[in-house]
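# please find the sequence and the predicted model below.
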Amino acid sequence: MNDSMIGKLIASRYQITERLGIGGMAEVFKAQDIVLGRTVALKIMLPQYAADPEFTQRFRQEAASAANLQNPYIVNIYDWGQDDGTYFIVMEYVRGSDLKECIKQRGAINQRKVAEIGMQVCQALTAAHHLDIVHRDIKPQNIMIQPDGNVKVMDFGIARAKNSVKTQTSSVLGTAHYISPEQAQGKELTFTSDIYSLGIVMYEAATGTLPFDGPDAVSVALKQVNEQPQPLRQRKADIDPAFEAIVLKAISKDPRNRFETASDMRTALNDYLMGRQVRGLGSFSTAATSVISTVGPDGGAVSTLDKTAVMTNGFINGNGTVRQTTGSQERIFKGTQQTEEPKKNRKKVFAIAAIVIAAIAIAFALIFVIGNSREETFPVPNVTGKTYEEAVVVLQDAGFSVGKTTKDNSETIAEGYVISQDPSGNSNAPKSKKINLVVSMGPGKVEVPDLTNMTATEAQAALEKVGLKAKAGEAKYSSEVKVNHIISQSPEAKATVEKGSEVTYVLSLGEENIEIPYVVGMGEDAAWNSLQGAGFSVHSTTEYSSSVEKGVVISQYPTGSAVKGSSVSIVVSNGPEPSPEPEPTPTPEPEPGPDPTPGPTPQPENS
């Protein structure tokens with residue numbers, strides 16, 4: 001496929017306007033939905049995949065599944081189908097650039113901003129994981145950063161359908177940098193595989209470098225399996241230890257050592273951003289990521305984490321002075337050579353021996369007390385995703401009690417359900433340990449913006465800005481609102497609704513055409529009444545007709561339908577044209593002749 005696709009109409013609805021790019025299995029275009037009048041992204045499967053029946057079957061299943069994902073941080077899938085021998089997915093068109101491009105342009109990103117991005121991706125993953133969807137291809141290329149800084153995760157579903165392995169393509173090399181060890185080994189993937197990939201993305205974004213790199217996909221995948229990542233602070237010195245601990249836990253080789261859920265990881269990132277003690281780190285606490293040194297007896301540094309360090313012991317001289325030594329814990333007692341006072345020295349030796357015996361006895365007592373006071377630990381039930389009432393019952397049945405309960409807004413966890421817990425589920429703790437819970441208050445409330453006279457694209461952007469979702473209602477005719485602009489909405493403007501709610505809008509189809517009454521053959525008065533009664537204005541002219549009776553409509557324009565209020569012209573018969581009156585024959589004028597010659601005037605005769 002190439003730019004020759006520009007202008008093509010897919011499924012008689014989506015008109016391609018621009019080529020956006022190509023991936024390992026599909027080409028992406030910008031298109032216009034001519035039915036709803038909105039801009040969309042159109043992903044069209046490459047021909048080599050469209051010819052594989054097994055692949056297309058999985059693709060259809062995953063596309064349908066991904067279409068059910070509704071979350072502010074996930075690119076919405078509007079439609080999918082088949083056209084011209086291949087398959088396509090219609091997605092929300094997102095303005096902005098992907099995270100990979102941001103890293104290329106800017107290098108390392110501020111770690112607090114990376115944490116915010118990570119929290120939003122965690123919310124997207126939580127929504128997907130609740131529907132048993134594993135993304136399988138979390139990478140910066142699939143994380144869109146919008147102009148307002150918010151995140152949209154792409155390619156849910158399509159990555160899951162791709163089960164073939166190609167070792168030579170650049171697209172697979174790009175993916176190999178972010179796949180989990182179990183994915184590299186072809187093992188079954190779980191939700192923690194997505195968490196691992198997100199951890200790699202955050203490592204790269206915060207340091208500007210990938211933890212594992214190599215000349216080809218195979219070498220990178222082997223490093224994912226066999227090598228430990230370099231601590232982030234060795235790549236970038238100003239990384240916060242708490243942030244580093246979160247990322248390193250996420251990219252643990254063993255899935256059991258990662259965050260159990262994306263929600264748990266989000267809670268940890270939120271704790272970091274709020275300046276609180278980060279919950280759920282376990283062995284990846286900030287203390288475990290730093291080495292605290294003290295000065296040793298020889299002036300050198302001794303790590304307090306060094307399990308082989310030997311405590312120093314006093315070396316007591318015969319003259320009673322003490323100096324420090326290292327090595328064996330054996331105390332060496334030397335008496336002085338003062339033979340003149342043997343009893344005095346013997347008393348000193350007994351006194352020292354008594355002190356040593358007492359110290360040993362105290363040590364054994366402490367060991368006994370500490371050993372017997374160490375409580376047995378038990379698995380903590382995982383109650384995230386349960387109602388608060390259910391969580392309390394489950395914990396009590398397991399012998400635990402609920403500690404501090406706090407409430408927080410969540411766009412993915414319904415009100416009254418547990419967002420997170422501390423200690424985390426499936427960790428071990430003594431029965432005396434109280435389990436702290438964070439319970440959802442729902443997504444929070446927002447005010448609905450006024451969408452009147454907006455286009456569908458403008459309305460969608462306005463709603464997404466406040467965390468709401470747009471839904472197109474049935475379009476209607478309107479004489480007041482121009483075509484493809486919003487007439488009305490529900491809920492109406494300024495209403496207060498839960499964040500994440502749908503707002504349905506109604507687009508204008510423009511003015512409605514109505515049927516024009518057919519008045520040919522009617523009398524003029526009846527025609528006027530019929531047309532004006534239907535809402536049309538009338539323009540009338542007359543002409544003679546030898547076939548139509550006088551006063552009857554001969555013709556009209558237009559016929560069929562027209563916008564209400566428009567003008568209809570009619571022609572009314574004047575009857576047959578009258579015969580012309582014959583012109584009168586003019587009386588002929590005598591032609592002038594010659595004047596008569598005057599004769600003599602007769603004289604009267606004399607009688």
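Yep, it's here. Please read these numbers as outputs of a predicted model, since none were measured by experiment. Residues are numbered from 1 along each chain as shown.

# low-confidence stretches in this structure?
Residues of the chain meeting the criterion pLDDT under 70: 1-3, 24, 62, 157-174, 282-375, 411, 590, 592-607.

# domains in it, by residue range?
As assigned by automatic domain parsing, the chain contains the domains 3-92, 97-288, 377-440, 445-507, 513-573.

# among the ones you listed, show me which one is buried the most.
domain 97-288 (a mean of 19; mean count of other Cβ atoms under 10 Å). In short, each C-beta sits where N, CA and C put it, glycine included.

# so how far is that one off the chain centroid?
Here the centre of domain 97-288 is set off from its chain's centre by 16 Å, with Cα atoms, centre = their mean, to the nearest Å.

# state the distance from Asp525 to Gln460.
Relative to Gln460, Asp525 is positioned 53 Å away (Cβ to Cβ, to the nearest Å).

# picking up where we left off before, the domains of the chain: which one's closest to Glu581?
Between Glu581 and the domains of the chain, the tightest spacing by Cβ to Cβ is seen for domain 513-573, at 16.2 Å.

# what's the offset of the closest one from the middle of its chain?
Relative to where its chain is centred, domain 513-573 has its mean C-alpha point 58 Å off (Cα atoms, centre = their mean).

# need the distance between the two termini of it.
Distance across domain 513-573, first residue to last, is 29 Å (Cα to Cα, to the nearest Å).

# try stretch 448-461
One end of stretch 448-461 to the other measures 13 Å (Cα to Cα).

# show me the contact partners of that stretch.
Residues outside stretch 448-461 that contact it (Cβ atoms under 8 Å, 6 or more residues apart in numbering): 36-39, 92, 462-463, 465-466, 468, 470, 472, 481, 484-489, 491-497, 503, 505, 507.

# if we can go back for a sec, make CSV from the domains of the chain and add distance to Thr587 to it.
Below are the domains of the chain laid out as CSV (distance: least, Cβ to Cβ, whole Å):
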stretch, distance to Thr587
domain 3-92, 82
domain 97-288, 100
domain 377-440, 109
domain 445-507, 71
domain 513-573, 34
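
# nearest to Pro580, of those?
domain 513-573 (12.7 Å).

# elements contacting the strand or helix carrying Asn529?
Using DSSP states H and E, Asn529 falls within helix 524-533. Secondary-structure packing of helix 524-533 (3 or more Cβ pairs under 8 Å, 6 or more residues apart in numbering; DSSP states H and E): strand 537-543, strand 553-557, strand 567-573.

# can you add distance to Thr56 and give those back as a markdown table?
Converted to a markdown table, the helices and strands packed on helix 524-533 look like this (distance: least, Cβ to Cβ, whole Å):
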| stretch | distance to Thr56 |
| --- | --- |
| strand 537-543 | 58 |
| strand 553-557 | 54 |
| strand 567-573 | 55 |
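
# nearest to Lys8, of those strands?
Across the helices and strands packed on helix 524-533, closest to Lys8 is strand 553-557 (Cβ to Cβ), at 38.6 Å.

# the helix or strand that the closest one is followed by pairs with which strands, and in what direction?
Proceeding N to C from strand 553-557, the next assigned helix or strand is strand 561-563, under DSSP H and E. When pairing is defined by DSSP bridges, strand 561-563 lines up against strand 513-515 (antiparallel).

# helix/strand/coil for Val393?
Val393 falls in the helix class when you classify it by DSSP: H, G, I helix; E, B strand; the rest coil.

# what about it, distance to Thr261?
21 Å.

# what are the boundaries of the helices in the stretch 101-250 of the chain?
Using DSSP state H, counting those that start in this stretch, the helices of the stretch 101-250 of the chain run over residues 111-130, 158-161, 170-176, 181-184, 191-207, 217-226, 232-235, 241-250.

# nearest to Lys386, of those?
Smallest distance to Lys386 across the helices of the stretch 101-250 of the chain (Cβ to Cβ): 12.7 Å, for helix 111-130.

# ok and the closest one relative to helix 241-250, angle-wise?
Per axes from the mean of the first three to the mean of the last three Cα atoms, to 10 degrees, the angle that helix 111-130 makes with helix 241-250 is 30 degrees.

# which helices and strands does helix 111-130 pack with?
strand 143-145, strand 151-153, helix 191-207, helix 241-250, helix 262-274.

# identify whichever of those lies nearest to Ile516.
Within the helices and strands packed on helix 111-130, the stretch nearest Ile516 is strand 151-153; the backing value is 49.3 Å (Cβ to Cβ).

# against Ser65, how distant is Thr504?
24 Å.

# oh sorry, the question was meant for Gly425
26 Å.

# just to revisit the earlier point, now for the domains of the chain, which one comes closest to Pro586?
That would be domain 513-573 among the domains of the chain, by Cβ to Cβ, at 29.8 Å.

# if Glu498 is in a bridge, with which residues?
Beta-bridge partners, per DSSP bridges, of Glu498: Lys445.

# that one against Glu447, yeah?
No. Assessed by Cβ atoms under 8 Å, Glu498 is found out of contact with Glu447, at 11.6 Å.

# related to what we said a few turns ago, tell me the angle the helix holding Asn529 makes with strand 537-543.
For helix 524-533 against strand 537-543, the angle by the same axes, to 10 degrees is 160 degrees.

# what lies in contact with helix 524-533?
With Cβ under 8 Å, 6+ apart as the criterion, helix 524-533 contacts 516-517, 519, 522, 537-538, 540, 551-553, 556, 568, 570, 572.

# so what's the closest residue to Arg279 other than its chain neighbours up against?
Once flanking residues are discounted, Arg279 sits nearest to Asp422: 4.3 Å by Cβ to Cβ, 6 or more residues apart in numbering. Applying Cβ under 8 Å, 6+ apart to Asp422 gives the contacts Arg279, Gly280, Ile435, Asn436.

# ok, which pair from those residues is furthest apart?
Once Cβ to Cβ is applied, the contacts of Asp422 give Gly280 and Ile435 as the farthest pair, at 12.3 Å.

# who touches both of those two?
Asp422, Pro423.

# mind exporting the C-alpha coordinates of stretch 206-213 to CSV?
Only the C-alpha atoms of stretch 206-213 are listed here, as CSV (Å, rounded to 0.1, in the frame of the first residue of the first chain):
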residue,chain,number,x,y,z
ALA,A,206,13.8,8.4,32.7
THR,A,207,17.4,7.7,31.7
GLY,A,208,17.3,8.2,28.0
THR,A,209,18.8,4.7,27.5
LEU,A,210,17.5,1.1,27.2
PRO,A,211,18.5,-1.3,29.9
PHE,A,212,19.2,-4.0,27.4
ASP,A,213,20.4,-3.4,23.8
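
# quick one: contacts for Ser561?
Asn513, Ile514, Glu515, Ile516.

# got the end-to-end distance for stretch 465-474?
Counting by Cα to Cα, you get 24 Å between the two ends of stretch 465-474.

# what's the distance between the residue nearest to Arg279 and Val402?
Computed as Cβ to Cβ, the Asp422 to Val402 distance reads 11 Å.

# which residues are in contact with each of those two?
With Cβ under 8 Å, 6+ apart as the test, Asp422 and Val402 both reach Ile435, Asn436.
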